[in-house]
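# fold the following for me, if possible:
(2 chains, ligands or ions: 2)
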Amino acid sequence: MPNLEHPAYPAATLLRLESLVPCRESQVSMLLSIFGERQQFTFPSIFIYGHKSSGKTYVMQTLLNTLQLPHVFVNCVEYFTSRLLLEEILIQLQNCSSETKHASRMLCDTFNDFVRLFKQAVASQDLQDQTLYIVLDRAEQLREMEANILPAFLRLQELTDRNVTVVLLSEIVWELFRPSTGCFEPFTLYFPDYSIGHLQKILSHNHPPEYSADFYAAYINILLGVFYMVCRDLKELQHLAALNFSKYCEPVVRGEANERDTRKLWKNIEPHLKKAMQTVYLREISSSQWERLQCADGEPGQLKGLSAHAHVELPYYSKFLLIAAYLASYNPVRTDKRFFLKHHGKIKKTSFMKKHEKVLVDYRQTIDNRTSNHLLGPKPFPLDRLLAILYSIVDNRVAPTANIFSQITSLVTLQLLSLVGHNDQLDGPRYKCTVSLDFIRAIARTVNFDIIKYLYDFL
Amino acid sequence: MSTCSVSKGCFVFKPSPKKRRVSPKTAEYFKEANNDSEDSGLRFATCQSLWKQIKSETEQVQEELNKQLFDNLVSFLRRSHSEFQEKTTEWTCRMKSREIPTAALVLGVNVTDHDLTFKSLSEVLQNNITPYVALLQAKDCPGIKNLMQKLMGQLMNCCIDVDSSDEEDYVQVSQHRIRCSMTSLISWYENITKKTDSETPSKKRISRHLQSPPVVVIFKDMESFTTKVLQDFIGISSLLPHSVSSLLCIELFQSLSCKEHLSTIIDKLLLTTQFAFKLSEKVLQVLINIFLYHDFSVQNFIKGFQLCIVEHFHSQPLSVLCCQLVEAKKRVNSLSHSQCENIRRLPSFRRYVESQVSEKQIALLTADNFLKEVIQKLLEDLHVYHENYVPVLRCLHVFTSSLPKYPLGKQIRELHCACLENRVWETEEYESSLQLARMLNKSDLVTMLQKCVEIFVSSSGKEFDKVVEKLKEFLAQFQKLEAGACQERGESVSSQKELQKKTDLYHLQKTLLELKESRRSKKLTKFEMLRFEVVDFIDNLVRNYLVPADHKTLHEIMYFNTASALREHLNAAPRIALHTALNNPYCYLKNQALKSDGGSISNKAPDICIVYKLHLECGRLINLVDWLEAFSTVVMAVEGTNEDAAASDQVDDIIHARFIQAVSELELLGFIKPSKQKTDHVARLTWGGC
Ligand SMILES: Nc1ncnc2c1ncn2[C@@H]1O[C@H](COP(=O)(O)OP(=O)(O)OP(=O)(O)O)[C@@H](O)[C@H]1O
Ligand SMILES: [Mg+2]
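Ligands and ions are numbered 1, 2, ... in the order given. Below you'll find the model as predicted:
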């Protein structure tokens, strides 16, 4: 394990830094060597990427704070327009060293203004002899802003002629950022995913003060055993660990087991964690409900989860409209006649030979199509077809009243149907049915309609 | 204008405060539109006051229904907040992701009903939890920027509202000058809470609201927000970017289903004697069908009900008597002669007259004063009928709603409709219900009887003392049976044993036959006899009290039964209307020349009608040249009889122009569109008669 070494910083600080960022020592030392000494110029821009919860934000923040490097840290999602973003940088810059908080309102509409105001701000705060770091977290958001913002940030050093470095943090690779016109290439650095060993180490690192590190590490070990298969997100795991720890401690608190009684503790916690995996982890019930359950020692079964409520009550014709839409989305147009023409009967059978041939061809086709229609997902259909199918599946006559049409719109707002194409197109609207087979079967059952009989895929 | 001043001078005349009353105008309209303008003013006033009562009643129902839901929500909000304040232990706080407490409110499909709910919800929240409530709607928030703008705008405005007294130090910032970011929101929040803390005068608020009131954001139509906007918003608000759904600490609350809501409304509006106004079976059916088949909207149901009221008071001159009995009796005395004639014309009254002896008939038809006396008595009868009808209906519902398969429907509204429609006891469903009721077991029967007793005791009908007595007697008899029961069982067991003893087939058959005989021949058990008696008793009640309303004299005064008008207004059929207009223009234009004579095309009709009729005969693709020819033939049929060829060329141009205009009008209406398959052709877009 490489100890962090750098001539510019005191060894004690480096040691503290190292203890704060387990499993990221090599990245940190790489960054340190790039940064050089405080007053030295470094790369104009650095691009750091890695999956969610790979510690980008955390490591960068810890690094800058521990070494007390002058910096500005902004989240691009929070400041969603370029103007908000630039103004926020300037405001933080004002506040960062001079304690006098003058909330003078800055107006910064263009990058040009920004460069000018930036120079003023830096000049007034004697930062000239140190590198200033501007960290843009969630940098992928920059792509949504004006086209000049990203290239300009990449060469901010050159534009302002100051000792400044821009650090971009993102979940996606640099290739997806690069504008077609080309731009200054930043130095890129990858934060790899944590392995299970890493997770164990990092999670155990933050043990609660009232219990020993070993005790907590054993708990984390069990937790990872249950959850690692479904979740490798560090933040999520931390959350789960905190939620369930009190349950783990229960036997110890009650005096039924001591801290080293791993088997007993395991027996106590394991079923509990499994239950957690089916409920809180999926957000079926909320974590506060889960905690209340733990206190009450009740069965989670008593609490209805979110998905238990997932039925929708619809008016009678809306149900049929939805069924018609489903049929229109998943049946090929050419089969409509066969399903919905009242007097069509069975497909006419010709002579035996022909029939035999046809069956073979048909069979092959059905095999192809059967796999396709439900796998390919819903296909768009025009309004006429929807209504035609509706009229043929509803028993009594339905007049095409305004009420029927408004129900189609209601279904669209409920997101059960979706409008294909522009929604301002009045002429010949096309829809897709977005509900699942299970859902539509449940709906069809309530109106005694055997939908399977009408689906081409299940013929 | 004049003044009372004697000197010359300049005077200011302020316009007299305009009475912004709309009602006189409406009342005027009420009078005008009806040529039979009897008592229109009074009718209008009655209508208004009735509607006011009904409206407040429905609002109250709504409030009560929402109460439970809102209570849960409020306690959820308090709880979520307290957790935030307590900060259990520092360690868990640090390790757990900071989740945003979220309540998911499932309201069912109908959107029009929700506005009211949201309005009262935000009122409740503002009264009990926090002044900072923002209501967001998807259509206002296409992007995160608009969302933040709306949010901040609403929050900051609401705080101005609350603090309207101490505005002096509050700088009102115009909306776009606010930096719409979380930081400014946070600093605003800190500012405002600090201020209220230091401020002593507004203690009322502090006591009601929590110490540091949470900011509540309500998304009215979650499903329509774009995911991106929501994700960003949630990410921002937690200030801890993270995969999004895991940031919400969601608890789910479900509102009452709208069907239950409807049942309560019907219960409160129709199955009561509080309101004189009633709906006939057909009308009620129309309203219920719209609800069940089309929109699930209680709001629309009430609107439809309102329409019925207005229509009734508007079109029925005698509706002036549609009010509480005491008042109605008074009004009878002041009826004019023509109103008396109106009464005499009522079908139900005619039937009544015909059933009387001839002297009385003459008196009724000639003497207004005698008539008025009789009317008062008849109105009283009608009132008593209503008073009795409701409890008996409820009582019958107790029975029918617990029968297997519900032959008379599960809901009381279905039963109500069945009773209004015709004599319910003559229907097959009723017959089978009685059959099933005769098979009920004892404990069920006893609980039902108890329920019935409750219903009758709490009802206002005066004739039910005897009924209650009788029911109680039944109950007592059932009690007594308990004792005898064991004995009976013993009997049957012995016969069973006998059966088992006899092993050979012949004897077995014989005993079986005997057993059957004995059962059939009045060897009924006491319980069975009693059960028959109870069912017969109920049957009697039904026959006495659940006579359909339209068999009652003067029912036209109270009952609105023009279902067709209602259907026309509520169930708009644009396509059918369009077809009628184009196919039979007389229907709208009322021009005698257009009176249609079968299928032929009159050349007096507007061009578009001619073109439309011609196009009905075509296939999917229409050849424009043929169409034009047909058109000009029709048009020329009269005009061109005595014109020479040279002139007809001239006319042709004009006809051509008219044709083109008509065709493009049809295109605009969406009946045809240009076709790409064949030039000179257009494609039809509609099929069939409409
Ligand atoms: N090396 C580490 N040592 C200790 N804790 C860590 C480490 N890496 C990550 N963490 C913890 O994991 C959490 C998530 O990390 P962080 O927010 O930095 O991830 P991220 O890469 O920025 O994710 P995102 O792409 O979602 O922004 C942090 O709050 C931190 O507590
Ligand atoms: Mg991050």
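# next, the buried residues of the strand or helix carrying B:L364.
According to DSSP states H and E, B:L364 maps onto helix B:358-366. Of the residues in helix B:358-366, B:363-364 count as buried by neighbour count, 16 or more other C-beta atoms under 10 Å in any protein chain shown. Backbone N, C-alpha and C define where each C-beta goes, glycine included.
# so what touches that helix?
The contact list for helix B:358-366 (C-beta atoms under 8 Å, 6 or more residues apart in numbering or on different chains) reads B:344, B:353-354, B:356, B:370-371, B:374.
# and if you look at stretch B:440-447?
Residues outside stretch B:440-447 that contact it (C-beta under 8 Å, 6+ apart) are B:402, B:448, B:475, B:478, B:481, B:527, B:531, B:534.
# now, among those, which is nearest to ligand 1?
Of all these, B:S402 has the smallest distance to ligand 1: 57.9 Å, by C-beta to the nearest ligand atom.
# is it true that the closest one touches B:M448?
Yes: the criterion here is C-beta atoms under 8 Å, and B:S402 meets it with B:M448 at 6.8 Å.
# coming back round to it: among the contacts of stretch B:440-447, which one has the lowest pLDDT?
Minimum pLDDT across the contacts of stretch B:440-447 is recorded for B:L481, with 77.
# what about it, neighbour count?
For B:L481, the count of nearby residues is 16 (other C-beta atoms under 10 Å in any protein chain shown).
# who's in contact with it?
By C-beta under 8 Å, 6+ apart, the contact set of B:L481 is B:442, B:526-527, B:530.
# which ones among these lie within helices?
B:442, B:526-527, B:530 (DSSP state H).
# hmm, stretch B:614-624 touching chain A?
No: contact of stretch B:614-624 with chain A (C-beta under 8 Å from any C-beta of the partner chain) is absent, the minimum separation being 12.4 Å.
# in CSV: the contacts of helix B:358-366, plus secondary structure.
As requested, those are exported to CSV (DSSP: H, G, I helix; E, B strand; the rest coil):
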residue, secondary structure
B:R344, helix
B:V353, helix
B:E354, helix
B:Q356, coil
B:F370, helix
B:L371, helix
B:V374, helix
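# narrow the residues you listed to just the buried residues.
So, by 16+ other C-beta under 10 Å, the buried ones in these are B:353, B:371, B:374.
# which one of these sits closest to B:N72?
Nearest to B:N72 among these, counting by C-beta to C-beta, is B:V374 at 56.3 Å.
# so that closest one versus B:P317, what's the distance?
19 Å (C-beta to C-beta, to the nearest Å).
# now swap in A:L390 and tell me
Counting by C-beta to C-beta, the gap from A:L390 to B:P317 is 43 Å.
# just to revisit the earlier point, format the contacts of helix B:358-366 as a markdown table; extra columns: pLDDT and distance to chain A.
Putting the contacts of helix B:358-366 into a markdown table (pLDDT from 0 to 100; distance: C-beta to the nearest C-beta, whole Å) gives the following:
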| residue | pLDDT | distance to chain A |
| --- | --- | --- |
| B:R344 | 90 | 39 |
| B:V353 | 91 | 41 |
| B:E354 | 90 | 39 |
| B:Q356 | 89 | 44 |
| B:F370 | 90 | 49 |
| B:L371 | 90 | 44 |
| B:V374 | 91 | 44 |
